[in-house]
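In: pasting a predicted model and its sequence here:
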Amino acid sequence: MEDGKSKTIEITFGDNCVESDFKMADKILNSFKWHWKVPTNEVQVKVEAGWITLEGKLQWQYQKEAAKRLVCNFAGVKGITNNIIIKSDVDPILAQVFDHEVRLKGTADLSRLNDKVEIRSQNTHGFWIVDNELVIEYND
């Protein structure tokens with residue numbers, strides 16, 4: 001830039017680099033199978049001209065966020081609308097934190113909740129002890 005003027009350079013890619021919406025949606029759905037945070041077959045993906053729409057119902061907020069983060073990594077994504085709804089059909093669980101210990105209190109349906117809550121707590125960085133005081137309900 002000897003003359004003090006700036007130059008604009010535009011880079012465009014040929015059609016070979018652009019995937020069809022169908023192929024992109026298929027790749028995204030397949031990637032969900034490889035990430036434990038996103039339950040398989042619980043999220044629907046719609047792609048229109050590179051714009052991704054996520055829909056479905058999930059149990060936890062971290063699952064919704066994980067799905068969005070995963071989609072952001074795909075080439076050709078122009079934007080994301082995350083319409084995933086968090087199910088509210090679980091009993092509230094109280095998690096009390098004391099330094100590096102977490103204490104879980106509440107009621108859990110044995111078939112779907114107790115193990116998941118304890119495992120998530122154990123896998124959270126910074127917690128050394130998980131005191132699981134959940135009351136278990138046996139629903140036949």
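Out: Cool, the structure landed.
In: quick check, central residue of this protein?
Out: By Cα atoms, centre = their mean, the mean C-alpha position of the chain lies nearest to Ala66, the distance being 2.1 Å.
In: quick one, phi/psi of the nearest residue to that residue once chain neighbours are set aside?
Out: Of all residues not flanking Ala66 in the chain, Lys37 sits nearest, at 3.7 Å (Cβ to Cβ, 6 or more residues apart in numbering). From N, CA and C alone the C-beta is placed, and that goes for glycine too. Recorded main-chain torsions at Lys37 are phi -70, psi -20, according to degrees, to the nearest 10.
In: rewinding a little: so who does the residue nearest to the centre of the chain touch?
Out: Contacts here follow Cβ atoms under 8 Å, 6 or more residues apart in numbering; on that basis Ala66 touches 35, 37-38.
In: is it part of a helix or strand, or is it coil?
Out: Following DSSP: H, G, I helix; E, B strand; the rest coil, we place Ala66 in the helix state.
In: can you spell out which helices and strands pack onto the helix or strand Lys27 falls within?
Out: Taking DSSP states H and E as the definition, Lys27 sits inside helix 21-32. Contacts defined by 3 or more Cβ pairs under 8 Å, 6 or more residues apart in numbering; DSSP states H and E place helix 21-32 against strand 43-48, helix 61-72.
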